[in-house]
Each structure stands twice: as structure tokens, then as C-alpha cells.
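A.B. asks: can't give you the sequence, but here's the structure:
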């Protein structure tokens, strides 16, 4: 079993990166930066990059859903401006469901990756793994 410089296994450190992504982005980036700068284990370095990319990908998805949510407010305000009333309940429900799906998917993916990392394993996520392999 490979150990990090701080004395814990690389699998536990990698799992910690994924689990940290569930709660706090900035500390995860600091841990990933530490792994990239000071650790020599290739698997751990790739895991650090993958953890950051997965969390950022979900942040981008959430931002896109937020743009949809903001656009519904814009449309509603536009119609109110001309004394027209429209029912945005279905659209807002769709946005809420979409945001919930993104949130649940993020938790499931990060938990799955974290538990696999404890055993020094990995779950392949096609476009993310291809991008990381191309740039490492």
C-alpha cells in the first residue's frame, strides 16, 4: 500500500478529496494542489485533478440551470410590464426538478468515486477521463 508524505494511504487521501468535494470546494482545491505539488504517486495526482474537474463540472451544470431559472424571472417580468399574467408554475417546477437531479447526481458520483478511491480504484467517466489523460 502506497503512503503519502503525511503518512496516510493514497487511497484514503484520494477518497478524502472526493468527499471534501461534497462539502467544501476551497479546501478540496488546497488538498488537490498539495497532491499535485508534493506527492509523486501518479494515481493520486490523477485523482486530485479528477476530483476538481468533477466538482467544477457540476458547478457549471448548476450555473446553467440557474441561467434557466433567471430567464424565467425575466420572462415573467416582461409580461408583467405589459399587464399580462402568465403561469410559470410548470416551468419553475421543471427548473426545481432539474436542479434536484443535478444535486443528487453530484452526491452520488462523488460518493461512488470516493468509496472506489478508498480501495485505490476508479470509476471511468468518459469525457472527463479522456480529457485528463490527454493533458497529463
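C.D. replies: Received it, and whenever you're ready, just let me know what you need. The structure presented is a predicted model; accordingly, all values stated were derived computationally and were not measured.
A.B. asks: helix or strand for the most centrally placed residue in the chain, which one?
C.D. replies: Closest to where the C-alpha atoms of the chain average out (C-alpha atoms, centre = their mean) is residue 55, at 2.0 Å. Using DSSP states H and E, residue 55 sits in helix 42-81.
A.B. asks: Am I right that residue 86 is in contact with residue 79?
C.D. replies: Yes: taking C-beta atoms under 8 Å as the definition, residue 86 is a contact partner of residue 79 at 5.1 Å. Using the backbone N, CA and C atoms, a C-beta is placed for each residue, glycine as well.
A.B. asks: And the host helix or strand of residue 134, what does it pack against?
C.D. replies: Following DSSP H and E, the helix or strand that holds residue 134 is helix 126-135. Applying 3 or more C-beta pairs under 8 Å, 6 or more residues apart in numbering; DSSP states H and E, one finds that helix 126-135 contacts helix 42-81.
A.B. asks: one step back: report the rounded mean pLDDT for the helix holding residue 134.
C.D. replies: Here the mean pLDDT over helix 126-135 is 86, rounded to a whole number.
A.B. asks: So, low pLDDT: which residues of the protein?
C.D. replies: Nowhere does the chain drop to pLDDT under 70.
A.B. asks: Identify the residues contacting residue 79.
C.D. replies: Residues counted as contacts of residue 79 (C-beta atoms under 8 Å, 6 or more residues apart in numbering) are 85, 86.
A.B. asks: Kindly report the same for residue 37.
C.D. replies: Residue 37 makes contact with no residue, according to C-beta under 8 Å, 6+ apart.
A.B. asks: Residue 61 too?
C.D. replies: Each residue near residue 61 by C-beta under 8 Å, 6+ apart is listed here: residue 102.
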